[in-house]
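J.: pasting the sequence and the predicted coordinates here, then a few questions.
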Amino acid sequence: MQIFGVDIGGSGIKGAPVDLDRGDLAEMRHKVLTPVPATPDGVADGVKQVVEHFGWTGPVGLTFPGVVTDGSTIRTAANVDKSWIDTDARALFSERLGGLPVTVVNDADAAGVAEMHFGAGKESSGTVILLTFGTGIGSALFVDGVLVPNTELGHLELNGHDAEKRASSKAKEDGDLTWEHWAHRVQKYLAHVEMLFSPDLFIIGGGVSRKSAKFLHFIEGIKAEVVPAQLQNNAGIVGAAMRAVTEH
């Protein structure tokens with residue numbers, strides 16, 4: 001069975017048909033740059049480009065980098081334009097896609113659902129936290145396989161700063177940090193999250209997951225197991241498609 005998934009990020013909008021039997025992309029994903037500013041209209045146009053690239057005419061699952069309530073209403077917009085707040089995202093995207101059925105979910109929650117079903121969290125019990133490191137830091141919290149939605153742990157305060165301003169991939173790039181220097185920042189962040197939630201497993205997702213050999217060995221002193229996401233940066237696309245199936 002195939003469903004289309006789109007992952008909206010602070011820097012890029014990427015999508016592809018997803019083979020839900022395998023938990024993998026059915027075709028090579030297509031990506032466009034997230035517009036600047038990332039307004040609702042601009043992002044919706046980008047999503048339309050990605051979906052039309054494949055000539056897709058069925059249900060579409062989309063992720064959004066912020067809190068999504070009731071499967072539609074945007075409540076936060078840390079890394080996109082603030083005009084997103086209170087937008088009815090489902091209505092916006094469905095209208096732009098010519099009336100196709102649309103599902104919208106928090107981006108890290110989507111990635112987490114995919115990793116728990118097909119990837120690094122498969123068959124894991126207890127408390128599992130997936131963290132996506134990209135333009136910001138997204139989080140997905142699971143207790144015995146059940147998602148606690150919209151946790152947004154990237155916005156925890158760490159040493160007087162919003163954590164994602166110090167430990168996201170963008171912070172690494174902006175500060176021209178070495179992998180080791182950045183890993184020490186990530187370690188401090190993981191220690192803070194661990195103090196609050198005592199997870200059994202951390203899954204490190206986002207674009208950096210495919211480069212885990214460059215930094216994971218620098219992270220020490222964390223009691224929980226720390227592993228890279230197996231679906232890597234495709235987890236959001238897969239999770240978005242999975243959510244679309246459950247709602248349509």
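T.: On my side now, so go ahead. Numbering: from 1, shown residues only.
J.: look up the closest residue to Val143, ignoring the ones flanking it.
T.: Among residues not flanking Val143 along the chain, Thr127 sits closest, at 5.5 Å (Cβ to Cβ, 6 or more residues apart in numbering). No exception for glycine: its C-beta is placed from N, CA and C like everyone else's.
J.: can you pull the buried residues of stretch 78-89?
T.: Ala78, Asn79, Val80, Asp81, Trp84, Thr87, Ala89 (16 or more other Cβ atoms under 10 Å).
J.: where are the low-confidence patches of the protein?
T.: 248 (pLDDT under 70).
J.: how distant is the longest helix along it from the center of its chain?
T.: Criterion DSSP state H: the longest helix present in the chain is helix 179-197. A distance of 19 Å separates the centroid of the chain from that of helix 179-197, by Cα atoms, centre = their mean, to the nearest Å.
J.: show residues contacting that helix.
T.: With contacts defined as Cβ atoms under 8 Å, 6 or more residues apart in numbering, helix 179-197 is touched by 127, 129, 131, 133, 137, 139, 141, 153, 156, 158-159, 163, 166-167, 171-172, 177, 199, 202, 214-216, 218-224, 226.
J.: if any of the residues you listed are buried, put those into a ChimeraX selection.
T.: Selection of the buried residues among those in ChimeraX, burial being defined by 16+ other Cβ under 10 Å:
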select :127,129,131,133,137,139,141,153,156,158,163,166,167,171,172,199,202,215,216,219,224,226
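J.: how about the helices in the chain?
T.: Under DSSP H, the chain gives helices at 40-53, 89-96, 107-118, 163-167, 169-174, 179-197, 235-247.
J.: deepest of those, which one?
T.: helix 107-118 (a mean of 28; mean count of other Cβ atoms under 10 Å).
J.: what pairs with Leu147 across the strands?
T.: Taking DSSP bridges as the rule, Leu147 bridges to Phe142.
J.: count of neighbours near it?
T.: 19 (other Cβ atoms under 10 Å).
J.: distance of Met28 from Ala120?
T.: In this structure, Met28 and Ala120 are 23 Å apart, going by Cβ to Cβ, to the nearest Å.
J.: higher neighbour count, the two?
T.: Between Met28 and Ala120, counted using other Cβ under 10 Å, Ala120 has the larger neighbour count: 22 against 7.
J.: who touches the more buried one in this structure?
T.: Contacts of Ala120 (Cβ under 8 Å, 6+ apart): Leu201, Ile203, Val227, Pro228, Ala229, Gln230.
J.: same thing with Gly12?
T.: If you count contacts by Cβ under 8 Å, 6+ apart, then Gly12 has Lys31, Val32, Leu33, Thr34 around it.
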